[in-house]
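Participant: need coordinates for the following:
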Amino acid sequence: MITVLLFFIIAIMRMIQTVCNKRVSNELKNTKTFFLYSVYYQALAAVFSLLALSFVGFKGLTFSTVVCAFVMAAFLMINFYANLNAIKGCKLIVCSMFSYGGLIVCCVLSWIMFGEKMSVLQGVGLVLFFLSAYMISSQKKETEEKASSPITKKVWLLLIVVTLSEGVMEVSQKYFSKRITEGEVAWFSFFMFLFSTAIMAAVYVITAIKNRAVLKTDEPIQSLLQTQ
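Facilitator: Modelled structure (predicted):
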């Protein structure tokens, strides 16, 4: 009963997350804004994880927990970037289905790493799942400027990245829960979001420096055009 309740809570949270991602993606007009938003987003999550640590007493910190959290953070950033960019070029339900498509990655890696076998019914269910995802994604996306526009190759690639990264993240959590039994979940969450914040902050600084360099390079040209 508790497991079913947890799955129900996860489903609701994922639905809210997907809807919010759709709204946020429309507001992120450039790469610099995306990385700045990501820094705030991940830093806030790290703060909440730190609050969770205060309840467990800051215990259970291991090196394996930190390494697993770093791997999780890397794929989380890949998934985050691909999801927000893919969702701009397709329907919300399509991106959501490809996100849940990470289940196939979980099935394969779980069989390799943990010896968990997939039944025939589960296999049939996954095939039907991807078939329905393809049928929905093959429909054209309604836009304000055009009557209809197909999903581009770039969006298809981003959707595949979303699927793969989502599956790896699920397996990473599975690995932590089964193999790193002495680790604390709160520490895992804290370092995951902390590493994510550091990665995004570093990329944001690099992007800002490059943008300034481009502006300085264009200044002589702009001044020349103004004089003419």
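
Participant: what about residue 20, distance to residue 157?
Facilitator: 24 Å (CB to CB, to the nearest Å). Bear in mind the C-beta positions are built from the backbone N, C-alpha and C, glycine included.

Participant: now do residue 88 against residue 96, distance only.
Facilitator: Relative to residue 96, and taking CB to CB, residue 88 is found at 14 Å.

Participant: okay, the two: which has more neighbours?
Facilitator: residue 96 (22 against 14; other CB atoms under 10 Å).

Participant: mind telling me what element that one is part of?
Facilitator: Per DSSP states H and E, residue 96 falls inside helix 92-100.

Participant: average pLDDT for whatever helix or strand comes next after that helix?
Facilitator: Using DSSP H and E, the next helix or strand after helix 92-100 towards the C-terminus is helix 102-114. Averaging pLDDT along helix 102-114 gives 83.

Participant: just how off-centre is helix 102-114 within its chain?
Facilitator: 18 Å (CA atoms, centre = their mean, to the nearest Å).

Participant: and the helix or strand just after it, what other elements does it pack with?
Facilitator: Using DSSP H and E, the helix or strand that follows helix 102-114 towards the C-terminus is helix 120-137. With contacts taken as 3 or more CB pairs under 8 Å, 6 or more residues apart in numbering; DSSP states H and E, helix 120-137 sits against helix 92-100, helix 102-114.

Participant: right, so of the ones you listed, which gets closest to residue 41?
Facilitator: For residue 41, the closest of the helices and strands packed on helix 120-137 is helix 92-100, at 17.2 Å, according to CB to CB.

Participant: flag every buried residue along that closest one.
Facilitator: Neighbour-count burial for helix 92-100 flags 94-100 (criterion: 16 or more other CB atoms under 10 Å).

Participant: distance between the helix or strand of the chain with the lowest mean pLDDT and the chain's centre?
Facilitator: Lowest on mean pLDDT, DSSP states H and E among the helices and strands of the chain sits helix 120-137, with a mean of 73. Offset of helix 120-137 from its chain centre (CA atoms, centre = their mean): 22 Å.

Participant: any low-confidence regions in the chain?
Facilitator: Scanning the chain for pLDDT under 70 picks out 133-134, 136-150, 214-228.

Participant: hey, where'd the helices end up in it?
Facilitator: 2-27, 31-56, 63-86, 92-100, 102-114, 120-137, 153-179, 185-227 (DSSP state H).

Participant: quick one: contacts of the third one?
Facilitator: By that I understand helix 63-86. 21, 24-25, 28, 34, 38, 95, 98-99, 155, 158-159, 161-162, 165-166, 168-169, 172-173, 175-176, 179-180, 183-184, 187-196, 199-200 (CB atoms under 8 Å, 6 or more residues apart in numbering).

Participant: next, the angle helix 92-100 makes with that helix.
Facilitator: 160 degrees (axes from the mean of the first three to the mean of the last three CA atoms, to 10 degrees).

Participant: try the first one
Facilitator: Compare the direction of helix 2-27 with that of helix 92-100 by the same axes, to 10 degrees and you get 130 degrees.

Participant: packing partners for helix 2-27?
Facilitator: Against helix 2-27 (3+ CB pairs under 8 Å, 6+ apart) you get helix 63-86, helix 92-100.

Participant: for the shortest one, same thing?
Facilitator: Packed against helix 92-100, as judged by 3+ CB pairs under 8 Å, 6+ apart, are the following elements: helix 2-27, helix 63-86, helix 120-137, helix 153-179.

Participant: need the contact list for residue 130.
Facilitator: So residue 130 contacts 101, 104 (CB under 8 Å, 6+ apart).

Participant: the same query, at a cut-off of 7 Å, please.
Facilitator: residue 101 (CB atoms under 7 Å, 6 or more residues apart in numbering).
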